[in-house]
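**Q** fold the following for me, if possible:
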Amino acid sequence: MNNLRLTQIQHLPELARQAKWSVTRLAKSSGVSVRTLERHFRETYGETPKAWLVEQRHKQALKLLRAGASVKEAAARIGYRHATTFAREFKKFFGEYPQVLAAGKESRLLVSKCRVKLRHCRV
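**A** This is a model prediction of the structure:
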C-alpha cells in the first residue's frame, strides 16, 4: 500500500537534511501525514522513519569526517548544537567515537558494525 507521493520522491536523503532530521517535518515536506510516512517506511525500508533519519544523519557525519571535517564542524553541519551530544550519539550508533574515525583508526569490529548498520557501508 505505497503512497504515490512518497514513491515519487527522488532525493529522500536530501529532503531529510532539509527537514532537519525531523519525522514531522519530513512528512510535511513530503505532503503526507506522519502515520502515512511511518507505514511507507515500514513497508519500503523495514524500519521507522526515525531510525532511518538517524542512520542518514550519521552516514552524512561519517562522510564529513572522512572528508576531513573536524568533529565540531561535522556536528554543526548535521544540526547538533553541541559536539559532545553529537559524539555521544555517534558512539551509540557506530560503537566508536567520531575522533577515532576522523583519525582513520577503524577497527575490524567497527567495520563489521558499519556494514550491519549502514547496509553495505557505502559512505
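**Q** give me the mean pLDDT for stretch 41-48.
**A** The average pLDDT within stretch 41-48 is 92.
**Q** name the residues of it that are buried.
**A** By 16 or more other C-beta atoms under 10 Å, the buried positions in stretch 41-48 come out as F41. Yep, even glycine has a C-beta here, placed from its N, CA and C like the rest.
**Q** from the chain's centroid, how far away is the longest helix along the chain?
**A** Assignment by DSSP state H gives helix 49-66 as the longest helix of the chain. The chain centre lies 2 Å from the centre of helix 49-66; the measure is C-alpha atoms, centre = their mean, to the nearest Å.
**Q** what comes up buried for it?
**A** 49, 52-62, 64-65.
**Q** which helix or strand lies directly C-terminal to it?
**A** helix 71-77 (DSSP states H and E).
**Q** now the helix or strand following that following helix: how far from the chain's centre is it?
**A** Remark: after helix 71-77, the chain's next helix or strand is helix 83-94, criterion DSSP H and E. Relative to the centre of its chain, helix 83-94 is centred 12 Å away, using C-alpha atoms, centre = their mean.
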